[in-house]
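[1] Generate coordinates for the sequence data below:
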Amino acid sequence: MVDVAPAVDVTEELADTAPEVIEAAAEELPVEPIEASIDPVQKLFLDAIQSYSSQSQTGGGLVDAGPEYEKALSEEVAKLQRLYGGGDLNAFPTFKFSGGSTRGCRI
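    I've put the predicted structure just below:
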């Protein structure tokens, strides 16, 4: 035996809830500043990152890098250029494929 739901009266009118939604959307909720929700350790971390960013932008490179580090870095870059045929090591490599067709290859 199949259960049949009782007939629904389709003539009943729906309640208009739009004014309530509009009123709720128009309410301004209190917003606390982001600084108030950050814990002290997180704030110290963000301050350190911002300080490092401003120092690296004004210095044009690494912050607190001594001449020994700069020399070692340039030696390593020169070694990599010798090993890999020169070129710009900061640019994404370009690949050139040549050779036979891949037709007939079973994968």
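[2] ok, how many other residues are close to the nearest residue to residue 89 once chain neighbours are set aside?
    Nearest non-adjacent residue to residue 89, counting by Cβ to Cβ, 6 or more residues apart in numbering: residue 80, 6.0 Å away. (Glycine included, C-beta is placed from N, CA and C.) Using other Cβ atoms under 10 Å, residue 80 has 13 other residues around it.
[3] before we move on, what about the one 4 residues further on?
    Other residues within reach of residue 84 by the criterion other Cβ under 10 Å amount to 10.
[4] go on, residue 38?
    By other Cβ under 10 Å, the residues close to residue 38 number 13.
[5] Equivalent analysis for the one 5 residues further on, please.
    Other residues near residue 43 come to 11 when the count uses other Cβ under 10 Å.
[6] How is it assigned, secondary-structure-wise?
    helix (DSSP: H, G, I helix; E, B strand; the rest coil).
[7] Quick check: the gap between it and residue 58.
    For residue 43, the distance to residue 58 equals 23 Å [Cβ to Cβ, to the nearest Å].
[8] coming back round to it: which secondary structure element is home to the residue nearest to residue 89?
    Remark: residue 80 resides in helix 67-83, with elements defined by DSSP states H and E.
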